[in-house]
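**Student:** need coordinates for the following:
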Amino acid sequence: MSNTHEHAAELEHHDGHGHDHEHAEVSGPVTFAVPGGLKKGAFGLIAVGAILLGIGIATAGEHSAWRLWSNLLISSLFYAFVAVGAGFIVAIMHVTKAGWGAVTRRVPEAMTTYLPVALLTMLVVGGLGLHDLYEWSHPDIVAEDHLLRHKAAILNPTFYMSIVVIFIGGWWLLTTLLRKNSVAQDSDGDVKHTGKNVVTSVLFLIFFGLSITIGSLVWLMSVEPHWFSTMFGVYQFAGAHKAAAAAGTLILVYLSNNGHNKYLKPDHLHDWGKMMFAFSTFWAYIWVSQFLLIWYANIPEETGYFLLRQEPSWMALFALNVILNWVIPFFTLLPRPNKRNPAILVPVAIVVLLGFWLDLYLQVMPATSHFAAEHLKLEHLHGPFMGALEIGPMALLGGVFLLIVPAMMAKVSLVPVKDPYLQESLHHQQ
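**Tutor:** Predicted coordinates for the structure are as follows:
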């Protein structure tokens with residue numbers, strides 16, 4: 001921790017604003033070789049996750065199926081949303097011509113390369129886990145439920161699998177184009193690549209807004225198909241951006257602290273800290289707005305969602321969700337110096353990512369456990385499950401994420417050396 005403080009102080013002392021004249025020019029590609037320890041750590045996570053998954057399946061008994069698929073859904077969407085949230089950050093940088101971010105942009109670009117894995121894992125969940133997750137996937141239940149019959153046009157296995165392919169595949173295609181143009185500019189320096197990325201980013205933002213709204217309704221909200229919320233899509237968008245900003249901050253601090261990108265300054269970390277701060281607050285705004293609208297209207301079809309999660313067994317996690325996702329990041333990052341200090345940014349980013357996982361857990365597990373109890377004829381389930389089946393999928397896919405993203409960063413320059421906004425980014429100060 002002392003090394004982190006020393007590194008922050010060293011970066012901060014230039015001109016009193018973090019302005020580093022010594023490193024104002026980029027002479028060539030900024031190369032990155034994945035450290036052996038990082039590779040071993042990624043493979044270790046994959047191995048631990050697989051072992052825990054096996055132990056969980058073997059020991060969970062009659063609860064193994066619904067818990068397995070619930071946690072695979074949670075972990076699949078966790079990393080999918082982090083990856084597409086990184087794509088959103090890249091697209092916003094291009095559309096707004098945010099020159100400050102050029103030095104940092106290769107990190108979120110690399111994070112988007114996880115999306116093919118997200119596509120695969122969601123196809124597995126949709127292909128094998130629907131009957132343990134969604135009551136609308138049971139024809140006998142739908143036949144006896146007037147509302148589910150009316151929703152059958154979109155709540156059916158074919159539509160589910162179709163939007164997995166179209167939406168996540170679309171995210172993958174558009175973010176691949178953004179990265180391809182960015183990397184191509186390193187070779188020829190042609191400004192046309194910047195123009196192409198502005199157009200592609202506009203298309204991505206439109207597609208992302210529609211797809212994350214519709215996708216989250218089918219993948220997440222439909223675990224409780226009788227529940228309604230018109231704010232659910234923007235709620236997922238806020239969480240995805242917040243989590244992507246946190247993951248990107250962790251990677252940038254790692255690169256900076258270990259000397260892999262000497263052009264990163266506290267001013268760049270400051271802006272990433274502001275993203276975490278802003279979108280944690282935006283998430284809280286949407287959370288409170290959704291809660292208050294449902295509380296005030298007091299419609300049974302809406303209140304059931306919160307009544308279930310405010311039962312004594314779930315209430316502690318319900319409160320912790322707000323603490324992790326807003327209270328801690330808001331009050332910790334409120335002072336300006338804290339948004340520039342790696343020693344503070346790292347633990348806050350970890351808290352934000354834990355909060356994002358808990359948020360997804362609370363959206364899925366209360367509903368699927370209730371479905372297991374009521375419709376799969378299991379014993380009544382009281383409160384949350386926490387064990388190998390919860391940790392295993394997150395560790396396994398986390399290892400895959402940690403394997404892919406650094407490998408993709410190593411394939412290109414860590415700094416877009418011929419980006420027209422590079423000089424603005426190098427001299428960025430605030």
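**Student:** mind listing the helices for the stretch 201-350 of the chain?
**Tutor:** 232-257, 266-297, 300-309, 312-322, 328-333, 342-375 (DSSP state H, counting those that start in this stretch).
**Student:** of those helices, flag the one that's most buried.
**Tutor:** helix 232-257 (a mean of 24; mean count of other Cβ atoms under 10 Å). From N, CA and C alone the C-beta is placed, and that goes for glycine too.
**Student:** packing partners of it?
**Tutor:** Here helix 232-257 touches helix 2-12, helix 64-95, helix 106-111, helix 192-219, helix 266-297, helix 342-375, going by 3 or more Cβ pairs under 8 Å, 6 or more residues apart in numbering; DSSP states H and E.
**Student:** just give me how far stretch 321-339 sits from the chain centre.
**Tutor:** 18 Å (Cα atoms, centre = their mean, to the nearest Å).
**Student:** contacts for that stretch, please.
**Tutor:** Stretch 321-339 has contacts (Cβ atoms under 8 Å, 6 or more residues apart in numbering) with 239, 242, 269-270, 273-274, 276-277, 280-281, 283-284, 287, 344-345, 348, 351-352, 354-356, 358-359, 362.
**Student:** grab the nearest non-local neighbour of residue 80.
**Tutor:** residue 118 (3.6 Å; Cβ to Cβ, 6 or more residues apart in numbering).
**Student:** and the next helix or strand past the least confident helix or strand in the chain by mean pLDDT?
**Tutor:** Every helix and strand of the chain was ranked by mean pLDDT, DSSP states H and E. The lowest is helix 2-12, at a mean of 44. Remark: after helix 2-12, the chain's next helix or strand is helix 36-59, criterion DSSP states H and E.
**Student:** what's that next one packed up against?
**Tutor:** helix 64-95, helix 388-410.
**Student:** tell me which of those helices lies nearest to residue 148.
**Tutor:** helix 64-95 (18.9 Å; Cβ to Cβ).
**Student:** sorry, back to before: need the helices of the stretch 201-350 of the chain in JSON lines (columns: mean pLDDT).
**Tutor:** Converted to JSON lines, the helices of the stretch 201-350 of the chain look like this (pLDDT from 0 to 100):
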{"stretch": "helix 232-257", "mean pLDDT": "96"}
{"stretch": "helix 266-297", "mean pLDDT": "95"}
{"stretch": "helix 300-309", "mean pLDDT": "89"}
{"stretch": "helix 312-322", "mean pLDDT": "95"}
{"stretch": "helix 328-333", "mean pLDDT": "97"}
{"stretch": "helix 342-375", "mean pLDDT": "94"}
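**Student:** now tabulate those in TSV and tack on distance to residue 55.
**Tutor:** Compiled in TSV, those are given as follows (distance: least, Cβ to Cβ, whole Å):
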stretch	distance to residue 55
helix 232-257	27
helix 266-297	34
helix 300-309	28
helix 312-322	23
helix 328-333	31
helix 342-375	19
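**Student:** and those helices: which comes nearest residue 409?
**Tutor:** That would be helix 232-257 among the helices of the stretch 201-350 of the chain, by Cβ to Cβ, at 8.1 Å.
**Student:** what angle do the closest one and helix 342-375 make?
**Tutor:** With axes from the mean of the first three to the mean of the last three Cα atoms, to 10 degrees applied, the angle from helix 232-257 to helix 342-375 works out at 140 degrees.
**Student:** before we move on, the earlier item: the residue nearest to residue 80: which element?
**Tutor:** helix 115-128.
**Student:** got the CA positions of stretch 228-248 in PDB?
**Tutor:** Listed next in PDB are the C-alpha coordinates belonging to stretch 228-248 (Å, rounded to 0.1, in the frame of the first residue of the first chain):
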ATOM      1  CA  PHE A 228     -43.700  -4.700 -13.900                       C
ATOM      2  CA  SER A 229     -41.200  -1.900 -13.900                       C
ATOM      3  CA  THR A 230     -40.800   0.700 -16.600                       C
ATOM      4  CA  MET A 231     -37.400   1.700 -15.200                       C
ATOM      5  CA  PHE A 232     -35.800  -1.700 -15.300                       C
ATOM      6  CA  GLY A 233     -33.800  -1.100 -18.500                       C
ATOM      7  CA  VAL A 234     -32.100   2.100 -17.500                       C
ATOM      8  CA  TYR A 235     -31.400   0.500 -14.100                       C
ATOM      9  CA  GLN A 236     -29.400  -2.200 -15.800                       C
ATOM     10  CA  PHE A 237     -27.600   0.400 -17.900                       C
ATOM     11  CA  ALA A 238     -26.600   2.300 -14.800                       C
ATOM     12  CA  GLY A 239     -25.200  -0.800 -13.200                       C
ATOM     13  CA  ALA A 240     -23.300  -1.900 -16.300                       C
ATOM     14  CA  HIS A 241     -21.600   1.500 -16.700                       C
ATOM     15  CA  LYS A 242     -20.800   1.700 -13.000                       C
ATOM     16  CA  ALA A 243     -19.300  -1.800 -13.000                       C
ATOM     17  CA  ALA A 244     -17.300  -1.200 -16.200                       C
ATOM     18  CA  ALA A 245     -15.900   2.000 -14.800                       C
ATOM     19  CA  ALA A 246     -14.800   0.200 -11.700                       C
ATOM     20  CA  ALA A 247     -13.200  -2.700 -13.600                       C
ATOM     21  CA  GLY A 248     -11.400  -0.300 -15.900                       C
END
